[in-house]
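**Q** Structure, please.
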Amino acid sequence: MSEAVQPTEHPVVPRLRQIVGDAGILSDPDELFVYESDGFPIAKGLPTAVVFPTTTQQVAECVKALNEFDLPIVPRGTGTGLAGSAVAYGEGVLITTSRMTLIEKVDAENRFAIVQAGVRNLSLSDAIKDTGLRFSPDPSSQRASTIGGNTSTNAGGINTLKHGVTTNHILGMEIVTPDGKVTTVRGSIGGANERGLYDSIGPDLPALICGSEGTFGIITRVWCRLVPDPKHFRTFYAVYDSTWNACQTVSDVIASGITPTSMEMMDGAMIEAVEGAFHFGFPTTAQALLLLEVDGVDQILDEQMQQIVRIAHQNGAHDIEQCSDPVRRAELWSARKKAFGAVGRLSHSYCTQDACVPRSMLPEVIAHVMELGAKYGLRIANVFHAGDGNIHPIMLFDEDDPEQVQQILRLSEEILEYCLSVGGTITGEHGVGIEKLHLMEKMFNPATIETFQQIKKTFDPEQRINDGKLIPSDRVDIQIMKPVSPNVPGGAL
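**A** Numbers count the residues shown, from 1 in each chain. This is a model prediction of the structure:
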């Protein structure tokens, strides 16, 4: 019996191993399989290697080595992204910052923290919990997602409605540019031990880089703005017999002049999944659940809550609960943040869509999304940031069925085109990545697309880093709607 032929190791692998050590690289195909996709399960591609640097200098050296071999560079955090931004193709190599986990400085007096890119969102929150401060962005994936990844995708979260997205809480950053140079923008150039931060000097590069999905460089260090943790709050939830009425409550609350900290919604399918998994006590016969919180000056919160309850009743809410108890509050928000993990009870494969629409259109949009699901014969569950008009239809399917994969892609495209038609956008927080790249030209005119491309080439003239993601490329053609196999995008370098 002849021995199995071992795959030939790419010559870049020994060079990378010299930089990060044996424990800092994966190159065996069986090990690489774990890294073939991020949180968007439709697009998959096997990287040539995955490297795990622990310092900025190692990241820079890895970038230089990959440039020597003219290989595509793909930044990755912990892979919780939901648009395919961390998928490698064309012999691409993943540079993964998940082992860069140092919280280098917490300055409570000046309200900032300096962290390496691989620090998990929740780890930072835990580290500062006794300071009376918080890092406000709190995506549902905060137990796993990293600050570098949050910054790269300009992540949202439950607090977005009142307190803003990630870019509103980033003071500066350090990045490794596509030529392997280390650049600090608006951070303390002297390093983590320096107090200095500079603002309003030159172009606002942190805001430009935040949300660029790794197409301009690799974020290695972040200066995070810390804000006072609200001392007074009221948390409210109510159930409804229709998603339409729950969505109408959202519009009516905003129209009343109240800006809650958070307004989150789950539909009947999601309530069923969450309650089945975690037993929070939600009625499984409900068709929708609205979870809402206000914070601020204690004296006015009761008045605001009375107005919100009145609006909810007018829209048919029942089983209303209000609380100011921190334990119950934590339990309610835990239910929301565990929602995506509970979807596995409904289907072993699912794809989460992401779009933003005017809040006033939420009732019509959710109704139309469910009609589209019925049209394609696919079940949809909904959990989303209702206060932002940021919808997240979760489409349930079997990824081993090529026809269902294509149905998911067609359904996603029709949902996004509909959201554009009512004045919305193709993404609210998950980004464009590979998933929505083909829709960029439907949202932006040619002159705007060309401007995006020129900015990309200013940072990356050779188009080496995460090319073909977010911004249409003249070097890489990714066609998610015409995959070469059920889960692998078509395209060529």
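**Q** can you give me the end-to-end distance of stretch 187-203?
**A** With CA to CA, to the nearest Å applied, stretch 187-203 spans 13 Å between its terminal residues.
**Q** correction: stretch 49-57
**A** Note: stretch 49-57 ends 19 Å apart using CA to CA.
**Q** what does that stretch rub up against?
**A** Stretch 49-57 is contacted from outside by 10, 12-13, 16, 19-20, 23-27, 31-32, 35, 59, 62, 76, 93-100, 174, 176, 182, 220-221, using CB atoms under 8 Å, 6 or more residues apart in numbering. C-beta here means a position set from N, CA and C on the backbone, and glycine is covered the same way.
**Q** From those, list the buried ones, please.
**A** 10, 12-13, 16, 19-20, 24-27, 32, 35, 59, 62, 76, 93-100, 174, 176, 182, 220-221 (16 or more other CB atoms under 10 Å).
**Q** Could you break this structure into its assigned domains?
**A** Per automatic domain parsing, the domain ranges recorded for the chain read 12-96, 103-228, 233-432.
**Q** Just tell me which of those ends up closest to residue 477.
**A** domain 12-96 (10.6 Å; CB to CB).
**Q** What's the end-to-end length of the closest one?
**A** 16 Å.
**Q** With stretch 460-468 instead?
**A** Start-to-end span of stretch 460-468 (CA to CA) is 12 Å.
**Q** now swap in stretch 358-365 and tell me
**A** Stretch 358-365: ends 9 Å apart by CA to CA.
**Q** mind listing what residue 74 touches?
**A** 47, 86-88, 92-95, 214, 465-466.
**Q** as a whole number, average confidence for the helix or strand in which it is found?
**A** Using DSSP states H and E, residue 74 maps to strand 73-76. Averaging pLDDT along strand 73-76 gives 98.
**Q** so how far is the helix or strand following that strand off the chain centroid?
**A** As assigned by DSSP H and E, the chain's next helix or strand after strand 73-76 is strand 93-96. The chain centroid and the centroid of strand 93-96 are separated by 18 Å under CA atoms, centre = their mean, to the nearest Å.
**Q** Contacts for strand 93-96, please.
**A** The contact list for strand 93-96 (CB under 8 Å, 6+ apart) reads 12, 16, 35, 47-53, 59, 62-63, 66, 71-77, 86, 88, 218.
**Q** so who does residue 284 touch?
**A** By CB under 8 Å, 6+ apart, the residues touching residue 284 are 271-272, 275-276.
**Q** now do residue 290
**A** Residues near residue 290 by CB under 8 Å, 6+ apart: 237-240, 246, 249-250, 263-265, 312, 317, 386.
**Q** That one - that's part of a strand, no?
**A** Yes - Residue 290: assigned to a strand according to DSSP: H, G, I helix; E, B strand; the rest coil.
**Q** How many residues are close by the closest residue to it other than its chain neighbours?
**A** In space, and not counting its chain neighbours, residue 290 is closest to residue 246: 4.9 Å by CB to CB, 6 or more residues apart in numbering. By the measure other CB atoms under 10 Å, the count of residues near residue 246 is 28.
**Q** and the helix or strand residue 246 falls within, what does it pack onto?
**A** Using DSSP H and E, residue 246 sits in helix 243-255. Applying 3 or more CB pairs under 8 Å, 6 or more residues apart in numbering; DSSP states H and E, one finds that helix 243-255 makes contact with strand 233-240, strand 262-267, strand 288-295, helix 298-314, helix 362-376.
**Q** Would you mind pulling the contact partners of that helix?
**A** Here helix 243-255 makes contact (CB under 8 Å, 6+ apart) with 238, 240, 260, 263, 265, 267-268, 287-290, 292, 308, 311-312, 314-317, 359-360, 362-363, 366-367, 370, 382, 386-387.
**Q** ok, of those residues, which come out buried?
**A** Among these, those buried by neighbour count (16+ other CB under 10 Å) are 238, 240, 260, 263, 265, 267-268, 287-290, 292, 308, 311-312, 315-317, 359-360, 362-363, 366, 370, 382, 386-387.
**Q** so where's the stretch 201-350 of the chain uncertain?
**A** When residues are selected by pLDDT under 70, none of them lie in the stretch 201-350 of the chain.
**Q** about what we covered before: in helices, which of the buried ones among the contacts of stretch 49-57 appear?
**A** 12-13, 16, 19-20, 32, 59, 62 (DSSP state H).
**Q** what's the longest helix that the chain contains in contact with?
**A** Of all segments of type helix in the chain, defined using DSSP H, the longest is helix 402-421. For helix 402-421, contacts defined as CB under 8 Å, 6+ apart pick out 42, 351, 353, 355-357, 365, 368-369, 372-373, 375-378, 391, 393, 395, 397-399, 425-426, 435-436, 438-439, 442-443, 480-481, 483, 485-487.
**Q** 6 Å - rerun?
**A** With CB atoms under 6 Å, 6 or more residues apart in numbering as the contact definition, helix 402-421 has outside contacts at 351, 353, 355, 357, 369, 372, 376, 395, 397-398, 426, 439, 481, 486.
**Q** among the residues you listed, which ones are buried?
**A** Listed as buried from the contacts of helix 402-421 are 351, 353, 355, 357, 369, 372, 376, 395, 397, 426, 439; burial here means 16+ other CB under 10 Å.
**Q** quick one: which of those residues is nearest residue 203?
**A** The shortest approach to residue 203 among the buried ones among the contacts of helix 402-421 belongs to residue 426, at 26.0 Å (CB to CB).
**Q** Identify the residues contacting that closest one.
**A** Residue 426 makes contact with 416, 436, 439, 443, according to CB under 6 Å, 6+ apart.
**Q** The last one - nearest residue in space that isn't next to it in sequence?
**A** Same thing as residue 443. In this structure, residue 443 finds its nearest non-sequential neighbour in residue 426, 5.5 Å apart by CB to CB, 6+ apart.
**Q** Repeat that for the second one.
**A** Leaving aside its chain neighbours, residue 436 sits nearest to residue 426 (5.0 Å; criterion: CB to CB, 6+ apart).
**Q** Equivalent analysis for the third one, please.
**A** Distances taken as CB to CB, 6+ apart put residue 426 closest to residue 439, at 5.0 Å, once the chain neighbours are dropped.
**Q** Please enumerate residues in contact with stretch 301-312?
**A** Applying CB under 6 Å, 6+ apart, the contact partners of stretch 301-312 are 234, 238, 249, 252-253, 258, 294, 322.
**Q** ok, now with 10 Å
**A** By CB atoms under 10 Å, 6 or more residues apart in numbering, the residues outside stretch 301-312 that reach it are 232-240, 245-246, 248-253, 255-260, 263, 290, 292-297, 317-318, 320, 322, 324.
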